[in-house]
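**Q** got a predicted structure plus its sequence, pasted below:
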Amino acid sequence: MVAILLELNLFDGCSISESSRAVNLLNMATTTKSKASENSGNGTMTMQSKDQSKKRAASDAAKDLSELFEDGLKDIYWAEKALTKALPKMEKNATADKLKKAISKHLLETENHVKRLEQCFESLELKPKAERCAAMAGLIEEGEHIIEETQEGTVRDAGIIAASQKVEHYEIATYGTLAAFAKVLKYNEALDLLLETLAEEKKCDTDLTALADTNLNTQAK
Ligand code: FE
Ligand code: FE
């Protein structure tokens, strides 16, 4: 896998470490899913049912790069849809006008990211399907905690920017990796769509950095 990523040298601005990180996160999500299925049910599991669960997890595991790609698509599809619900809350709790506008602009882009992912599925003749992305669920939860733990104003704004940038970095890593996979798999239509979204995620991250640098973090001191 790493060999494939190294060989590709990836895409403009998407570093090997970003993509390797994304692969690790995808692996973590798979582990979390198997753990969740082990823990579900009656609480304590017998050795036998644990073995059965392991066998099930193994049979669910991606067998090749195309399956890993499809699993990644389902994860980010869930993540983008979850963001369309989380962003309005972030916008409502932000104070600075520039930050409100940046979040509202990215909400429109995010709705488009959902549509682009649906086009990706369709280009592969697959029905769009979302699978809970544990990483994004955690990042959204962290953003909600920041809002709960701060008072309205510049400090909360700084926290909202920090939480939003963590989300953007996760998306950048994910889209960078999926684009690298699509290139290897010669899924050209999906590749173009993923690169389009990747560019918007990067722009959003840069805009948030500029917003934090120009005034918000200084005012939050
Ligand atoms: Fe997005
Ligand atoms: Fe985004």
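**A** In hand now; what should we look at? Ligands and ions are numbered 1, 2, ... in the order given.
**Q** wait, what's in contact with the residue of the chain found nearest ligand 1?
**A** Closest contact between the chain and ligand 1, by Cβ to the ion, is at residue 113 (3.8 Å). No exception for glycine: its C-beta is placed from N, CA and C like everyone else's. When contacts are counted by Cβ atoms under 8 Å, 6 or more residues apart in numbering, residue 113 touches 80, 197, 200.
**Q** mind listing which of these are in helices?
**A** Cross-referencing the contacts of residue 113 against helices under DSSP state H gives 80, 197, 200.
**Q** state the distance from the residue nearest to residue 193 when sequence neighbours are not counted to residue 143.
**A** Distances taken as Cβ to Cβ, 6 or more residues apart in numbering put residue 116 closest to residue 193, at 4.6 Å, once the chain neighbours are dropped. Applying Cβ to Cβ, to the nearest Å, the value for residue 116 to residue 143 is 23 Å.
**Q** those two: which has the busier surroundings?
**A** residue 143 (22 against 17; other Cβ atoms under 10 Å).
**Q** number of residues surrounding residue 207?
**A** Neighbour tally, residue 207, other Cβ under 10 Å: 16.
**Q** next, give phi and psi for it.
**A** With angles defined as degrees, to the nearest 10, residue 207 sits at phi -60, psi -40.
**Q** top helix in the protein by residue count?
**A** Assigned via DSSP H, the chain shows its longest helix as helix 154-185.
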